[in-house]
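> build me a model:
(chains A, B, C and D)
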Number of protein chains: 2
Amino acid sequence: MSKKTTIYDIAKALNITAATVSRALNNNPRISADTKKMVLETAAELNYKPNRLAMALKSGKSKNVGVVVPYINRSFFSNVIHGIEEELNPMGYNVIICQTHEDAKKEADVLQNLLNAQVDGILISASRQTKGTEHYNQILRKNVPLIFFDRKLNVRGANSVTLDDYEGAYQATQHLIDQGCTKIAHFTVDRYLEIYENRFHGYKQALKDNNIAFDENYIVTLESDIEAGKDAAKKLMELPTPPDAIFSASDPGALGAIQYLKGIGLQIPKDFCVVGFSNEPFTQFMELTISTVDQSPLLMGKTAAKVFLEQMGANNVKIEKQMVLAPSLKIRKSSSRLDPSS
Amino acid sequence: MSKKTTIYDIAKALNITAATVSRALNNNPRISADTKKMVLETAAELNYKPNRLAMALKSGKSKNVGVVVPYINRSFFSNVIHGIEEELNPMGYNVIICQTHEDAKKEADVLQNLLNAQVDGILISASRQTKGTEHYNQILRKNVPLIFFDRKLNVRGANSVTLDDYEGAYQATQHLIDQGCTKIAHFTVDRYLEIYENRFHGYKQALKDNNIAFDENYIVTLESDIEAGKDAAKKLMELPTPPDAIFSASDPGALGAIQYLKGIGLQIPKDFCVVGFSNEPFTQFMELTISTVDQSPLLMGKTAAKVFLEQMGANNVKIEKQMVLAPSLKIRKSSSRLDPSS
DNA sequence: TTGTAGGCGTTATCAG
DNA sequence: CTGATAACGCCTACAA
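Sure thing, here's the model as predicted:
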C-alpha cells in the first residue's frame, strides 16, 4: 500500500494504454463512454490520485503561488493571506507563504526560491528595506505574474492592490479636527514606502484644507511598536507647544502614546485625542478602544488573488492593473469627544 | 529571456553531456575539477536555476511540507507556523499552509490535496470537529510523516508535540487559590479535544489537592470568543453562590468575563480574579493586563519541525515521538492581589 | 476511438 | 572521468 498507483496501474488492470487512461481522466472527448466509465471505476478502486508534480512538470504550471509578507504573525498580513487562500484554493491553487522579516536580502532569497519552485505567480507586500527593483524585474522577465499588495513599489508590468492611504489619513485627520483638536502630531514609520508617504500627505492636506499650519516638529518617525510610541509621545509632550492630538500611521504607536499620555495624567479623549491605523484587533479590546483606519485585509487578499487569476486567464495578454481600495475610519473612544458611544 | 535555461543548455555550450553537468552541479566525486569549474561558471553565466519540480519528480521528494491549522490569523497558530518555517526553510523546505476553519470536511480535503501535491510531511493541529482518524491513517499508509502539534488525536504511528496543558491549568488554578480564591469557576471549550480535557483535569486536581470541593455548576462550556465569555460570566454570577474567580481555557473567554464583571461593578483583582490561557497579545496590551498561560508557540513550531526532520533523516526507521512542552504561567494584574506589580 | 512515441528537467545506472 | 540511456508520472501530437 506504500507505492502510489499511477495511470499505468490502471491501464494494466484494464489491458489498455496509459494514454487512454489519461484521456478518460481529463474529460478528453476522444474516448468512448464505456472505457471512460471503466477507467473511472478502477481509478476509484485502486485509489488513484494524480501526481501533481508530474502534471506540473509536464504542463509547466505548478498550481502553486507564492505569497511574500514581512511577518505572518501580524493581524493585517495573516488576514490578507486568509483572503488570498479563500479565493485561490477553490481554483486548485496552493499557497506557499514566505516571510522576509523586513529584510531585503531575505526577500531576494525567498523570491528566488519561489521561482525555482516554479510558482505560477507571486503576491507580495514589499519588505521595508527593499530599495531596488531588480528582483522584481527578474520575476516579470520569466513571465511570472507579480502582484503587489499594500506595500507596493513602482515596477513596470507589475500589478498592485493597495489601500487609499491618503484618503484614510485625510479622514482620520479631519476627524481629529472635527473633535476640536488644532495641534495634531503625526507618527510615521518609513516614508520610503508609499503607504507611509501617502498617509503623511493625507494628514498634511487635511491640515491645509482646514487652515492649520503644518509644523515639522509634530512629525515623528518611529518603529511600529508600543515602546517607540511611548518614547515618541514623551518627546512631543516636551515641546514648548505640545500637541493635543496624534494621528499615528500605526496602531502600536498609537497604543504606546496613549499609555504614556495616561501615565502623565492626561485624560483621553478629553485632553488629548489619538487615532491609529490598521484596525489591529487589540484596538477594540482595550477599555479605551482606539480609533483607527481599517484596511479591509480580507478584501485586499481576495482582490489581489482575483487580479492574479485574471492574469492567468488572459492568454499572453499582459494586464497591468493598479487597484485601490477604500479605507474605513473606525471612530472609537480614543477620539470621541462629541459622541461618547463606543 | 523567457525560456528557462536547463542543464542541456549548459551541456550544449560546453560540448559535454547533461549527465556530466548534473554531476558537476551535485558535488558528485566522479568528475574532474576542470570540467566542474567550467560547468559552474557557465551555469552562472546562463543564470541557470534548477527546476525543483523536475528534481522532485525524479527523487520523489518535493521538499514541500504541509502545515494545517484551524485558522492562520490567530496569534498562537501564526507563531507556531513562524517557528516551523524558521526551522525548515534553512533546510530547503517550503511550507504550504492550509486552514480548516474548524471544519472536519475541509480538513479531509486539504489533507488529500497536500498528499496529491506530494508533500514530504504534514504538520497539523486538528480541527475541533474532527472525530475519526481515518484521514490520518491514510497519510501514514503512504509513508508520509505526520506530526500533530497542540491539538493531537491519538493515531498510531503519528508524532506529536503538545503543551503540558494539565500542568498549565494546575498552576493557574493553584495560583488563584494562593490569591485567596476559593470558589473557582472554569471555562472550557470542547472537551473532546485533549487540550481542553487536560486543562479541565489540571484544574480539578488543583482543587482537590487544596481540599476545595469540585462544583459542576462552576463548569461552563463556551466558544472561544469575547461575547461568549460575557454570557458565561453572567450565567455564573446568577448562581445562588457565585464564584470568586475564573480560570478560562481561552483568553477571549477571560476577556469577555472581565468586561462583564467590571460592567456589574466588580473590582478586579480585588473582588474577583481571572486567569486565561494562550497568552494572546491583547492580554498584555490591556490596562488591566490578563494573567494567562503561555504556550510558547514558537518553540512548539520549531520542535514539531525538528521531529519532522528527524523522521526524514531516519532511513525507513519509524519514529513515534510524543513531546510535551512545559507551560509558563504569566501572572499579571487580573489575578494579582498580593503582588500588584506589572 | 485507441495506441505509439516523445518529451517536460533531472538523476542514476550502466558502459566505455 | 564521461557518455548514453532509462526512468520519475503525466500529457499530447500523430498515426492506426
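> now check the one helix or strand residue A:108 maps to, is it near chain B?
Taking DSSP states H and E as the criterion, residue A:108 maps to helix A:104-116. Yes - using Cβ under 8 Å from any Cβ of the partner chain, we find that helix A:104-116 touches chain B at A:112-113, A:115-116. Just so you know, the C-beta spots here come from the backbone N, C-alpha and C atoms, and that holds for glycine as well.
> show me the contact partners of that helix.
The contact list for helix A:104-116, computed with Cβ atoms under 8 Å, 6 or more residues apart in numbering or on different chains, reads A:66, A:68, A:96, A:98-100, A:122, A:124, A:126-127, A:129-131, A:135, A:138-139, A:142, A:144, B:49-52, B:94.
> need the buried ones from those residues selected in PyMOL.
Buried residues within the contacts of helix A:104-116, by 16 or more other Cβ atoms under 10 Å in any protein chain shown, are selected in PyMOL with:
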select buried, (chain A and resi 66+68+96+98+99+100+122+124+126+127+129+130+135+138+139+144) or (chain B and resi 49+51+52+94)
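> out of the contacts of helix A:104-116, list just those in strands.
Using DSSP state E, A:66, A:68, A:96, A:98-99, A:122, A:124, B:94 are the members of these that sit in strands.
> tell me the contacts of the closest residue to residue A:91 other than its chain neighbours?
Leaving out its chain neighbours, the residue that sits closest to residue A:91 by Cβ to Cβ, 6 or more residues apart in numbering or on different chains is residue A:309, at 6.5 Å. By Cβ under 8 Å, 6+ apart, residue A:309 lies in contact with A:87-88, A:91.
> please confirm that residue A:220 is located within a helix.
No - counting by DSSP: H, G, I helix; E, B strand; the rest coil, residue A:220 is not part of a helix but strand.
> how long is stretch A:184-198 from one end to the other?
17 Å (Cα to Cα, to the nearest Å).
> rounded mean pLDDT for it, please.
The average pLDDT for stretch A:184-198 rounds to 94.
> so residue A:72 makes contact with residue A:81?
Yes - in this structure residue A:72 lies within contact range of residue A:81 using Cβ atoms under 8 Å: 7.2 Å.
> what does the stretch 201-342 of chain A have sitting close to chain B?
A:226, A:255, A:281-282, A:285-288.
> closest to residue B:260 out of these?
residue A:287 (13.1 Å; Cβ to Cβ).
> helix, strand or coil for that closest one?
coil.
> pLDDT wise, what is it at?
87.
> contacts only, for it.
So residue A:287 contacts B:286-288 (Cβ under 8 Å, 6+ apart).
> from the ones in strands among the contacts of helix A:104-116, which two are the most distant?
A:124 and B:94 (15.4 Å).
> quick one on the thing from earlier: which of the ones in strands among the contacts of helix A:104-116 lies closest to DNA strand D?
residue B:94 (19.4 Å; Cβ to the nearest atom of the strand).
> isn't that closest one up against residue B:61?
No - using Cβ under 8 Å, residue B:94 makes no contact with residue B:61, being 12.0 Å away.
> about what we covered before: secondary structure element holding the residue nearest to residue A:91?
Residue A:309 is part of helix A:297-313 when elements are defined by DSSP H and E.
> highest neighbour count among the residues of the stretch 201-342 of chain A next to chain B?
residue A:255 (25 neighbours; other Cβ atoms under 10 Å in any protein chain shown).
> ok, the closest residue to residue A:178 other than its chain neighbours - how many residues close by?
Closest residue to residue A:178 apart from its sequence neighbours, by Cβ to Cβ, 6+ apart: residue A:338 at 7.7 Å. Under the neighbour criterion other Cβ under 10 Å, residue A:338 is assigned a count of 10.
> three-state assignment of the residue of the stretch 51-200 of chain A found nearest DNA strand C?
Here the residue of the stretch 51-200 of chain A nearest DNA strand C is residue A:58; by Cβ to the nearest atom of the strand that distance is 3.8 Å. Following three-state DSSP, we place residue A:58 in the helix state.
> what does residue A:185 give?
Residue A:185 is classified as strand under three-state DSSP.
> one more: residue A:162?
Strictly by three-state DSSP, residue A:162 counts as strand.
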